[in-house]
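[1] Got a sequence here, can you model it:
(chains A and B)
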2 protein chains.
Amino acid sequence: MNFKILDCTLRDGGYYTNWDFDKNLVRTYFEAFNNLPVDYLEIGYRSSPMNSYLGEYFYCPQYVLEESSSLSNKKLVIILNEKDVRAEHVPDLLGPCVGYIHLVRIAIDPQNFKRALSLATAVKKLGFEVGFNVMYMSNWESEKEFLGQIKEVDGIADYFYMVDSFGGVYPEDVRKTYDIVRNQTNTAIGFHGHNNLQLALINTLTAIDCGASIVDATVTGMGRGAGNLQTELLLTALNAKNGLDLDFNSLSKVVDPFAEMQKDYEWGTNLPYMVSGANSLPQKDVMSWVTKRFYSLNSIIRALSNQSKGLKDNIDLKNLDEDKKYKSALIIGGGPTGKMHSKAIKEFIKKHEELCVIHVSSKNAQEYKDIKNLQIHCLAGNEGHRLEEIYEDIIIKDKLVILPPYPRTMGTYIPKGLEPVAFQLTDITFTDKYHESVTSLAIETALHLGVENFYFAGYDGYKEDIKPQELELFNENEYVIESLKRNHNLSINSITPSLYESLDSRSVFSLI
Amino acid sequence: MNFKILDCTLRDGGYYTNWDFDKNLVRTYFEAFNNLPVDYLEIGYRSSPMNSYLGEYFYCPQYVLEESSSLSNKKLVIILNEKDVRAEHVPDLLGPCVGYIHLVRIAIDPQNFKRALSLATAVKKLGFEVGFNVMYMSNWESEKEFLGQIKEVDGIADYFYMVDSFGGVYPEDVRKTYDIVRNQTNTAIGFHGHNNLQLALINTLTAIDCGASIVDATVTGMGRGAGNLQTELLLTALNAKNGLDLDFNSLSKVVDPFAEMQKDYEWGTNLPYMVSGANSLPQKDVMSWVTKRFYSLNSIIRALSNQSKGLKDNIDLKNLDEDKKYKSALIIGGGPTGKMHSKAIKEFIKKHEELCVIHVSSKNAQEYKDIKNLQIHCLAGNEGHRLEEIYEDIIIKDKLVILPPYPRTMGTYIPKGLEPVAFQLTDITFTDKYHESVTSLAIETALHLGVENFYFAGYDGYKEDIKPQELELFNENEYVIESLKRNHNLSINSITPSLYESLDSRSVFSLI
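    This is a model prediction of the structure:
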């Protein structure tokens, strides 16, 4: 075969595991690949310290380089994020890689292409092969300046990669772009595909057919969002089509444990990723919307589809300026106890006439239809659609609907009939992070109304077998409640059972 | 758009649910599709009575036709299996469909094409549109006789479908075959793709580009084995590419519940399906190998890969002719109690010197390494590889290895060092079904050795949350043990806790 294959499972898969991988898995990975017809293994990033926890394969400290090198008979690869690295960082950052790493790739926004050239020159000076991974291939047509600069990679880069960042290109686009690049440069061309539209295999085979010198894949397609071309699919197709010699035993050994992990992390395409791919929208945003549970698939697709149609669904609402002040608020989450104990919770509400009720989820809202106190629905995303399905007739008396500050990522949707009582917050100030969280929205609203006594119900947390995305939501909620506690001298209690450490425990039954 | 879309989720998805679907799911399905740009919905088969349980949508009784028709504003479709239906059955089988069903499709093996023409004529006489779904498209080149007959569909069929049964064709194959068919007939051409190589979308778009008049898809790709083109992927791609108007809210409503089911049933491609697709091997076989747990992925891939290489891995072994007779046998399964109670079970074995031990799984075999009695390993498939991994040194003294009758679906693999003691059975006679089951193999072996007292251990069955494929295995085991009970006057006991009704219960602790 006159092209190389690069597997970047640990690097691209790290988006799901935060770049930490089980030791045995890593050993299985390297040992299996020793018997597979793949040329390069990209093991991760090298990076200066970042402001949040990122795992082993995001930094690839020297002992990782040594271990990988001792386990593998392949050429090893690391990648740099161009936006975070300058030429002067290169000796410190890459010095330890000499002798272990063969190829250094650089992930590049075409807008920063010029700047990347000097970074690449510094990398090349240390003796590495250099790969240019230029992103957003489906938008290159509008990047005239970049297209004119491509020829400058000659003599600096060993590989010039076309990266289908959005997973939205078709085989005919691969051909067209390949020809444009080929006319500009003599450098060997590579292709890195994403699988939003399940076109990664055909696009990669098309690139090979055009003359590409190197193509990427990951085991089970593990990678950001919809993921990559599956290494096992590429190898199996090449085995059947081109007679590539293939040890299915080793292939199956490395696929099995990743296929198991996939059941938990659920990488691979789905309807929102298909929509983002088909419309060249950033799947990084989509990934974070999908993994946080407070946006329903429905909201995401509607927002994406409106974005792609250029439909203006963002409305600048009146700011919340409720005159009436409330000393206490009950914030009701979507946990099972919000329904299970609704009878007691309603007694509690009835006893506290001065209390307002804030719903962060439409899940339990139905249970509280008939209470007399002010009820506030916090609608992150287009959650309004869900609420609409729950209420048959919405009566606006004693109701408020609160949306995040304008403009909103997911657009604006207000359930029919609630328009007159819909307001937005001007800002979220009590916490420095997670401004998109619906719990943040609820707390900021309560503070705005003068609340000093916070009660929570239906904030159960998750028991056992917690899924990664649930854990993330749990941690976010914990963080924003902690922020509230730290900055204000308030009473903050959960009146139903809760696993949140930041909530003090009371029992609803003791309060009625 | 100058082509039609047919969704066949209920028909093709039925391979996973045995054609039974939850009522609410069916309602959601029809209601959502009322708002989606799809022309035809294929709801199932019509069939004469078959010899095993097949669900509602395999027979589509008249009330199903009425209900579907009242819920849907689409043209409804049913399909017939040509191999099971003759022209004379048509009035009885399809009479009730008149007024409800618009299009009747016929699934046809190209070898029976001629016979299908008279069936189709009878269908046409009742006023239905007629679709020819001709299978095994990737093998048509060798079907010269069939290729010469294609033109005879003109005037009989409304659609002539190319069906990529193995999921192994590439876009260039679609073009080539389309041209061959187009040169033969004026009938509108259709395409039905499978997704083994994730080429269903590009193949379908290629067929449309060639001029196809109708294409098929199913929600989430639900369908036999690796499944079909996803309806949501096709519609999303056509929305972005061709401006097809699309209600993402309805699309998402119908995708959600099927995506939930997919987590249990796990349709979609995987390594074995990729291998079968890439090599045009029947995925029906692969599906049954994958869903039954006694073949490891590894064994399947090795067998498939050997088949595709034309590698002869089937060896005609010596028939089992053990002189020594055994009055009792302990059959040890792979359940947790086979390990948990191994100490007691070994005491039991030690006390019964005349007893032989038969392992049906390599899972617990390690625990019994040091016993003195004859140990027999039943190796269905290439399970020998697994056994090899467990034993470091295999000592052949007092050991036998038994394989199913020759030739074997999965080829022959005997763990290294055990060749001198490897035998095959000549036949499995005690049960009429499940001759590939490893439990059948063990029982037949025991009967061959004259066993009258059967003890089972590690046949735990499955608690709660049983997966469909586990249930299938459970039912198979139950069936073969029942067969043993019915045909022989024997003592059949489980000495560890078991959920199998067919096993009488004893406690290993009472027997030592």
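
[2] ok, how many other residues are close to A:M135?
    Using other C-beta atoms under 10 Å in any protein chain shown, A:M135 has 20 other residues around it. For every residue, glycine as well, the C-beta is placed using N, CA and C.

[3] One more: A:L246?
    Residues near A:L246, counting by other C-beta under 10 Å, number 20.

[4] Spit out the contact partners of it.
    By C-beta atoms under 8 Å, 6 or more residues apart in numbering or on different chains, the contact set of A:L246 is A:36-37, A:235-236, A:238-239, B:305.

[5] can you list the residues of the stretch 101-250 of chain A near chain B?
    A:168, A:170-171, A:195, A:197-202, A:230, A:232-233, A:236-237, A:239-241, A:246, A:248-249 (C-beta under 8 Å from any C-beta of the partner chain).

[6] Name only those of the residues you listed that count as buried.
    Taking 16 or more other C-beta atoms under 10 Å in any protein chain shown as the criterion, what is buried in those is A:168, A:170-171, A:195, A:197-202, A:230, A:232-233, A:236-237, A:239-240, A:246, A:248.

[7] Mind checking which of these land in helices?
    A:171, A:200-202, A:232-233, A:236-237, A:239-240, A:248 (DSSP state H).

[8] Looking at these, which has the smallest pLDDT value?
    For these, the minimum pLDDT belongs to A:F248; the value there is 85.

[9] ok, that one to B:A278 distance?
    As for A:F248, its distance to B:A278 is 11 Å (criterion: C-beta to C-beta, to the nearest Å).

[10] number of nearby residues for the residue lying closest to A:I512 once chain neighbours are set aside?
    Once flanking residues are discounted, A:I512 sits nearest to A:E347: 4.2 Å by C-beta to C-beta, 6 or more residues apart in numbering or on different chains. Residues within reach of A:E347, counting by other C-beta under 10 Å, total 15.

[11] mean confidence for stretch A:401-421?
    Computed over stretch A:401-421, the average pLDDT equals 84.

[12] Check stretch A:206-215 too.
    Average pLDDT, stretch A:206-215: 98.

[13] what comes up buried for that stretch?
    A:206-208, A:210, A:212-215.

[14] Report the mean per-residue pLDDT for stretch A:491-499.
    Taken as a whole, stretch A:491-499 has a mean pLDDT of 91.

[15] Please apply the same query to stretch A:123-138.
    The average pLDDT for stretch A:123-138 rounds to 97.

[16] Measure how far it is from the centre of its chain, please.
    24 Å (C-alpha atoms, centre = their mean, to the nearest Å).

[17] Chain B versus A:L471, what's the distance?
    Going from A:L471 to chain B by C-beta to the nearest C-beta, to the nearest Å gives 19 Å.

[18] Also A:D158?
    From A:D158 over to chain B (counting by C-beta to the nearest C-beta), the distance is 30 Å.

[19] which residues touch that residue?
    Neighbouring residues of A:D158 by C-beta under 8 Å, 6+ apart: A:103, A:129-131, A:187-188.

[20] Any figure for the gap between it and B:T431?
    Distance of A:D158 to B:T431, given as C-beta to C-beta: 63 Å.

[21] same question, A:P282
    Distance, A:P282 to B:T431, by C-beta to C-beta: 58 Å.

[22] Looking at those two, which has the bigger crowd around it?
    Using other C-beta under 10 Å as the criterion, A:P282 and B:T431 rank with B:T431 on top: 21 against 12.

[23] Mind exporting the C-alpha coordinates of stretch A:335-353 to PDB?
    This file holds the C-alpha atoms of stretch A:335-353, laid out as PDB (Å, rounded to 0.1, in the frame of the first residue of the first chain):
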ATOM      1  CA  GLY A 335     -35.400  14.000  41.100                       C
ATOM      2  CA  PRO A 336     -37.900  11.300  42.100                       C
ATOM      3  CA  THR A 337     -38.500  12.600  45.600                       C
ATOM      4  CA  GLY A 338     -40.000  15.800  44.100                       C
ATOM      5  CA  LYS A 339     -42.800  13.600  43.000                       C
ATOM      6  CA  MET A 340     -42.700  11.000  45.800                       C
ATOM      7  CA  HIS A 341     -43.100  13.500  48.600                       C
ATOM      8  CA  SER A 342     -45.200  16.000  46.600                       C
ATOM      9  CA  LYS A 343     -48.100  15.800  49.100                       C
ATOM     10  CA  ALA A 344     -45.800  16.800  52.000                       C
ATOM     11  CA  ILE A 345     -44.000  19.400  49.900                       C
ATOM     12  CA  LYS A 346     -47.400  21.000  49.000                       C
ATOM     13  CA  GLU A 347     -48.300  21.100  52.700                       C
ATOM     14  CA  PHE A 348     -45.000  22.900  53.400                       C
ATOM     15  CA  ILE A 349     -45.700  25.400  50.600                       C
ATOM     16  CA  LYS A 350     -49.200  26.000  51.900                       C
ATOM     17  CA  LYS A 351     -47.800  26.800  55.300                       C
ATOM     18  CA  HIS A 352     -45.400  29.400  53.900                       C
ATOM     19  CA  GLU A 353     -47.500  31.900  52.100                       C
END
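
[24] Pull out the buried residues from that stretch.
    Of all the residues in stretch A:335-353, those buried under the rule 16+ other C-beta under 10 Å are A:335, A:337-342, A:344-346, A:348-349, A:352.

[25] Would you reformat the residues you listed as CSV and include distance to A:I402?
    Listed next are those as CSV, based on distance: C-beta to C-beta, whole Å:
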residue, distance to A:I402
A:G335, 20
A:T337, 23
A:G338, 19
A:K339, 22
A:M340, 26
A:H341, 25
A:S342, 22
A:A344, 26
A:I345, 21
A:K346, 22
A:F348, 22
A:I349, 19
A:H352, 20
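
[26] Need phi/psi at A:C8.
    phi -120, psi 40 (degrees, to the nearest 10).

[27] Quick check, it in contact with A:V219.
    No - contact criterion C-beta atoms under 8 Å: A:C8 and A:V219 do not qualify, at 9.7 Å.

[28] Mind picking the two most distant members of the contacts of A:D158?
    Within the contacts of A:D158, A:L103 and A:T187 form the most distant pair, 13.5 Å apart (C-beta to C-beta).

[29] Now the common contact residues for those two.
    Common neighbours of A:L103 and A:T187 (C-beta under 8 Å, 6+ apart) are A:158-159.

[30] pLDDT at A:I371, what is it?
    For A:I371, the predicted pLDDT is 91.

[31] what's around it, how many residues?
    Neighbour count of A:I371, defined by other C-beta under 10 Å: 14.
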